[in-house]
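Colleague: Could you look at this predicted model? Sequence included:
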Amino acid sequence: QVQLVESGGGRVQAGGSLSVSCAASGRTFSTVMGWFRQAPGKEREFVAGITWSFGSTNYADSVKGRFTISKDNAKNTVYLQMNSLKPEDTAVYYCAAKNRGVVSTLPGEYRYWGQGTQVTVSS
């Protein structure tokens, strides 16, 4: 069982930066962590993912070079640093976890989800 609590997010102008965090508790050693986002009227989409054990990362093409996912094992926390934000990055951002394996871009493969945090980028 894994519990996820997100924090951070907020509102920023285009070109600005924001960071969101996901504090995990429970059995996290072999999990894979992912960040997803969902804009109004759109499907939930993969943003970035990282494995707890090896720190392997994967990014959606739309955020490569702008977003960075990282983890702090001691704090059991995963971070998503978002730079050069665009209005189209506006969404509710969700932290998710799956047991074992590699980073997946499919929301259905993640068993545990946080409550979500709003990120709004104004033009």
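Modeller: In hand now; what should we look at?
Colleague: wait, isn't Ser123 in contact with Ala14?
Modeller: Yes: judged on Cβ atoms under 8 Å, Ser123 makes contact with Ala14 at a distance of 5.2 Å. Using the backbone N, CA and C atoms, a C-beta is placed for each residue, glycine as well.
Colleague: So between these two, which is more surrounded?
Modeller: Ala14 (14 against 9; other Cβ atoms under 10 Å).
Colleague: Please verify my assumption that that one contacts Ser122.
Modeller: Yes: using Cβ under 8 Å, Ala14 is in contact with Ser122, at 6.7 Å.
Colleague: For the two, list the residues in contact with both.
Modeller: Residues touching both Ala14 and Ser122 (Cβ atoms under 8 Å, 6 or more residues apart in numbering): Pro87.
Colleague: is it true that Glu43 lies in a helix?
Modeller: No: assignment of Glu43 by DSSP: H, G, I helix; E, B strand; the rest coil gives coil, placing it outside any helix.
Colleague: Enumerate every residue touching it.
Modeller: With contact set as Cβ under 8 Å, 6+ apart, Glu43 has no partners.
Colleague: Same question for Ala91.
Modeller: By Cβ under 8 Å, 6+ apart, the residues touching Ala91 are Arg37, Gln38, Ala39, Lys42, Gln118, Val119.
Colleague: Ser17 too?
Modeller: Counting by Cβ under 8 Å, 6+ apart, Ser17 touches Gln81, Met82, Asn83, Ser84, Leu85.
Colleague: What of Pro87?
Modeller: Per Cβ under 8 Å, 6+ apart, neighbours of Pro87: Ala14, Val121, Ser122, Ser123.
Colleague: do the same with Ser62
Modeller: Each residue near Ser62 by Cβ under 8 Å, 6+ apart is listed here: Glu88.
Colleague: what does the model give it for pLDDT?
Modeller: Note on Ser62: pLDDT of 97.
Colleague: Can you give me the neighbour number for the nearest residue to Gln13 once chain neighbours are set aside?
Modeller: In space, and not counting its chain neighbours, Gln13 is closest to Ser122: 5.5 Å by Cβ to Cβ, 6 or more residues apart in numbering. The number of residues packed near Ser122 is 11, by other Cβ under 10 Å.
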